[in-house]
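Peer 1: predicted model follows, preceded by the sequence.
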Amino acid sequence: MNQKTFFAILVGGAAFAAPLVFNPPGLGILGSLSLSIFLIAAIFWILEPIPIYATSLGVIFLQSILLSDQGLLVDFLSPSELKPYQSYLSNLAHPIIMLFLGGFALASAAVKFQLDKSLTRILLKPFGEKPSNVCLGLMISTATLSAFMSNTATTAMMMTVVLPIAAGLSKEDPFRMGIALAIPVAANIGGIATPIGTPPNAVALAALKEQGISLTFSTWMILAVPFVVILLLIAWRALMILFKPQTSRFEISLDTKFNKSPKAIAFYAVFGLTLTLWVTEKFHGIPTGMVALLPLTLLPALSILERKEIRSFSWEVLWLVAGGISLGLSMKDTGLANWLVSQISWNGLSGVLLVITFGAVGYVLSNLISNTVAITILMPLVLSVVSASTEETNQAMPAIVIAIAVIVSCAMLLPISTPPNAIAMSTGIINTKNLAKVGAIVGFAGIGLAILFSQTYWAYLANLSPIIP
């Protein structure tokens, strides 16, 4: 065990013990235990003495043995105060987790049959040979793929398209770096567009669902796609200004054609059916989590996905999200969330100030740690504060929650901020200075847009029951 790990464990252990030793006034034993779990989880997620997904599983384990009706305190507390242990374990199969699993299955099959490359060829075709147009085409292709696939996988694939282009440009041509930066930036932005695009979206949806607010797949897209389009155009113009191309034209050659094997055609049918059911949920009423079982069942049943591909799913991401969902549940049920809110007077803060306050904290955290971890730590506090605020602010809860989740996803300042940034940096074409420059422009533009949308477009739609149930 190195010194850093030992220090993190020591701090986490002390944080866990503190609420139990000092017993904060107004917070009962279950609230103190929940605070202990929250503190050790937050510290372990940030300092990472153990893998972050192990911390998430640890959250569910601690809740099961300390806060459930089958735990260690069952003989000391009233059974009515304790939740069934299944309520914590069930978060590992939460509808949002199933939605992500369905997305993983579709993304894995898309890579297997090179649907991603085939779609890229089609999407790039209308943009011609002008450098600025090609860059825009690459960004639109990347963002579109990232909306339905892992942004990490999308970046890895799209960098294979960009590297030959960069190799054919002079090292003195600024566009060489600009086109390489376009891929991670577009992948980060594109993930905001759909519920399965990036984990912070799932955390936000799960948090709202716990408050009785269910957003459909299509509703999220109605809310998020305009934001994504505007931010993508801002990022594109920033890249063109900062890295103005010296060459007048070049051509991208992609020879990939659609796979027409029986298994590929079956996959296209499953993909199309699943996506159609997701975006038409308001018409047929089948929840997105249930629809996600369709690709999870059919793709292995038809031997489109094999065991090795299922094993390659990002299971650790699912565990991380499940731990965050479970943490928020216990904070609410034990009274911890309300207690935390009562310690500060939030009455004077309007919806826009709450977005600015939590958005700023989330943006800073997300640049330094995983955006999933950042939103997981913040979201229970956000919900508690909004719930305890004025009636007007409470009604704007969907807009506020979405804005904070989106701001967290806009953090792309450093190589460590997102996996797409790290992948792009590994090519050797990009340097940290220019990544930070572009990341700052896109990040601050994203924050400004999110604040604007939360007070206008999202706030307006939040009051329309046909749009947001």
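Peer 2: Looks like it arrived, so ask away.
Peer 1: alpha carbons only: can I get the helix or strand harbouring Val317 in PDB?
Peer 2: Under the criterion DSSP states H and E, the helix or strand holding Val317 is helix 315-333. Coordinates of each C-alpha in helix 315-333 appear next as PDB, following Å, rounded to 0.1, in the frame of the first residue of the first chain:
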ATOM      1  CA  TRP A 315     -20.100  -3.100 -16.100                       C
ATOM      2  CA  GLU A 316     -18.100  -0.800 -13.800                       C
ATOM      3  CA  VAL A 317     -20.100   2.200 -15.200                       C
ATOM      4  CA  LEU A 318     -23.300   0.500 -14.300                       C
ATOM      5  CA  TRP A 319     -22.100  -0.300 -10.800                       C
ATOM      6  CA  LEU A 320     -21.000   3.300 -10.300                       C
ATOM      7  CA  VAL A 321     -24.400   4.700 -11.400                       C
ATOM      8  CA  ALA A 322     -26.200   2.100  -9.300                       C
ATOM      9  CA  GLY A 323     -24.200   3.200  -6.200                       C
ATOM     10  CA  GLY A 324     -25.100   6.800  -6.800                       C
ATOM     11  CA  ILE A 325     -28.800   6.000  -7.200                       C
ATOM     12  CA  SER A 326     -28.800   4.000  -4.000                       C
ATOM     13  CA  LEU A 327     -26.900   6.800  -2.100                       C
ATOM     14  CA  GLY A 328     -29.500   9.300  -3.100                       C
ATOM     15  CA  LEU A 329     -32.300   7.000  -1.900                       C
ATOM     16  CA  SER A 330     -30.800   6.500   1.500                       C
ATOM     17  CA  MET A 331     -30.100  10.200   2.000                       C
ATOM     18  CA  LYS A 332     -33.800  10.900   1.300                       C
ATOM     19  CA  ASP A 333     -35.300   8.100   3.400                       C
END
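Peer 1: return the distance of the helix or strand that that helix is followed by from the chain's centre.
Peer 2: Toward the C-terminal end, the helix or strand that comes next after helix 315-333 (DSSP H and E) is helix 336-342. Centroid separation for helix 336-342 versus its chain: 26 Å, with Cα atoms, centre = their mean, to the nearest Å.
Peer 1: what is the rounded mean pLDDT of helix 336-342?
Peer 2: Model confidence over helix 336-342 averages 74 on the pLDDT scale.
Peer 1: run through who's touching that helix.
Peer 2: Contacts to helix 336-342, defined as Cβ atoms under 8 Å, 6 or more residues apart in numbering, come from residues 24, 26-27, 31, 34-35, 38, 328, 330-331, 380-381, 383-385, 387-388. All C-beta atoms are positioned from the backbone trio N, CA, C, and that covers glycine.
Peer 1: make a PyMOL selection of whichever of these turn out to be buried.
Peer 2: Applied in PyMOL, the following selects the buried portion of the contacts of helix 336-342 according to 16 or more other Cβ atoms under 10 Å:
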select buried, resi 27+31+34+35+38+328+330+331+380+381+383+384+385+388
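Peer 1: in helices, which of the contacts of helix 336-342 fall?
Peer 2: Per DSSP state H, helices hold the following members of the contacts of helix 336-342: 31, 34-35, 38, 328, 330-331, 380-381, 383-385, 387-388.
Peer 1: which of those residues scores worst on pLDDT?
Peer 2: On pLDDT alone, Ala388 ranks lowest of the ones in helices among the contacts of helix 336-342, at 68.
Peer 1: so for the helix or strand that contains Lys433, mean pLDDT?
Peer 2: Taking DSSP H and E as the criterion, Lys433 maps to helix 432-455. Looking at helix 432-455 alone, the average pLDDT works out to 92.
Peer 1: average pLDDT across stretch 159-177?
Peer 2: In this model, stretch 159-177 has a mean pLDDT of 81.
Peer 1: how does the chain divide into domains?
Peer 2: The record, using automatic domain parsing to delimit domains, assigns the chain the ranges 1-92, 95-311.
Peer 1: mind putting these into TSV with distance to Lys433?
Peer 2: Output for the domains of the chain, formatted as TSV (distance: least, Cβ to Cβ, whole Å):
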stretch	distance to Lys433
domain 1-92	26
domain 95-311	10
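Peer 1: low-confidence stretches in the protein?
Peer 2: Screening the chain residue by residue with the criterion pLDDT under 70, one finds the ranges 79, 250-256, 341-349, 388-394, 462-469.
Peer 1: ok so, going back, counting by contacts, list what the very next helix or strand once past the helix holding Lys433 packs against.
Peer 2: Secondary structure here is assigned by DSSP H and E; on that basis, the next helix or strand after helix 432-455 toward the C-terminus is helix 457-462. Helix 457-462 is packed against helix 217-242, helix 397-409, with contacts defined by 3 or more Cβ pairs under 8 Å, 6 or more residues apart in numbering; DSSP states H and E.
Peer 1: touching, Gly439 and Leu413? I think so.
Peer 2: Yes. Distance between Gly439 and Leu413: 4.0 Å, which falls inside the contact criterion (Cβ atoms under 8 Å).
Peer 1: relative to Ala153, which of the ones in helices among the contacts of helix 336-342 is nearest.
Peer 2: Sorting the ones in helices among the contacts of helix 336-342 by distance to Ala153 puts Gly328 at the head of the list, at 28.0 Å, by Cβ to Cβ.
Peer 1: perfect, I'm done here.
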